[in-house]
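J.: Following is a predicted model, sequence given first.
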Amino acid sequence: GRTGQWFGFQHYGIVPDMVMGHSLGEYGALVAAGCLTFEAALEAVSARGREMASLEVPDKGAMAAVFGPLTEIQRIVDETSAAGGYVVVANINSNSQAVVGGSTAGVEKAMEAYAAAGINAIRIPVSHAFHTSIVAPASAPLIDQLRRLNVKPPVRPIVANVTGEFYPENATVEDMLDMLGKQVASPVQFVKGLQTLYAAGVRVFVEVGPKKALHGFAEDVLGAEHDDVLALLRVLGADIAAPLPARYVGQWIIGTSLGLHFTPVVVHEVAGLWYLLVAGAVFAIALGYVSGVALARLADLDRTTYVD
């Protein structure tokens, strides 16, 4: 659905300078970066889902959302690993929230350590421990599926989840496929990605979508250190908010005519539910139309007027 909204933005001439996704959302970012057509992205997401669903391993692993200082989250992961448990920080989301994943026993042991340290950790119901080596066997079959979808090098900068850096300017198709193959079994470097965007000049962000998780991550990462980030609230359907003089970012980031850099960030869906994106494709055209109406209203707003 968010990718459908992207076409609504394009219709009104709102085009981002840079793009980034979170986990599955990287495929939406690839559409915005010109690497995949919308149809190809749907096929890619479907292929990714099939490979994950068909993956049979002795221990499918576990994942848990952890709320606390990132340094402490990492410390307990390191201590658990040193004691023989397999666990990694699978989603490095912000300075105060992350998702850990690994073997079932490893994650359970880490959760016990978090509880003892007074850090809140909540088990996430997933089919596999995504963004860990447990799902690495799905990478090669996924690359084979993606190779037939005419993946192209980006026409605008896109940050890779695997590195938290931009895809290389001279990236070949094979480079893109290799990165996407690694993405399923590698931690999501979202904190580093936000820092990369800021260092590249990104200052104006707009959140679009029904959730606000990434909105909070960016506030935590960027807002704590910088006071020059302009945020626009979510544009969901016809629900429009005027620009805010705050430090927010969200699922989609689009630019305004302020002469600054802006970035689309695609929403991360709960791991294991990517099939919903395929079902959501049925609504893409309608969402694009609604977004277009919303953007028309946004254009009428006084961009110099801010509300709290």
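T.: Good, I have the coordinates.

J.: buried sites along stretch 162-177?
T.: Burial within stretch 162-177, assessed by neighbour count using 16 or more other Cβ atoms under 10 Å, is assigned to 162-164, 166-167, 171, 176-177. Bear in mind the C-beta positions are built from the backbone N, C-alpha and C, glycine included.

J.: burial count for residue 115?
T.: Residues within reach of residue 115, counting by other Cβ atoms under 10 Å, total 11.

J.: Run through the residues that contact it.
T.: Residue 115 makes contact with residue 121 under the criterion Cβ atoms under 8 Å, 6 or more residues apart in numbering.

J.: export the buried residues of stretch 162-177 to a markdown table and tack on distance to residue 32 and secondary structure?
T.: Converted to a markdown table, these look like this (distance: Cβ to Cβ, whole Å; DSSP: H, G, I helix; E, B strand; the rest coil):
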| residue | distance to residue 32 | secondary structure |
| --- | --- | --- |
| 162 | 18 | coil |
| 163 | 19 | coil |
| 164 | 18 | coil |
| 166 | 14 | strand |
| 167 | 13 | coil |
| 171 | 16 | coil |
| 176 | 15 | helix |
| 177 | 19 | helix |
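
J.: For the chain, just list every one of the helices.
T.: Using DSSP state H, the helices of the chain run over residues 2-11, 26-32, 38-53, 70-82, 104-116, 139-147, 173-183, 190-199, 213-218, 275-280, 284-299.

J.: just the buried residues of stretch 162-177 now: which is nearest residue 46?
T.: Of all these, residue 177 has the smallest distance to residue 46: 16.8 Å, by Cβ to Cβ.

J.: So that closest one is in contact with residue 142, correct?
T.: No. Contact between residue 177 and residue 142 fails when scored by Cβ atoms under 8 Å: they sit 9.0 Å apart.

J.: how about residue 100, what does it touch?
T.: Shown in contact with residue 100 (Cβ under 8 Å, 6+ apart): 63-64, 66, 73, 77, 87-90, 107, 110, 121.

J.: what do you get if the cut-off is 10 Å, keeping everything else the same?
T.: Residue 100 sits next to 62-66, 73-74, 76-77, 80, 87-91, 106-107, 110-111, 114, 121, 124, 129, 132, 187 when contact means Cβ atoms under 10 Å, 6 or more residues apart in numbering.

J.: bridging residues for it?
T.: With DSSP bridges as the criterion, residue 100 is bridged to residue 64, residue 89.
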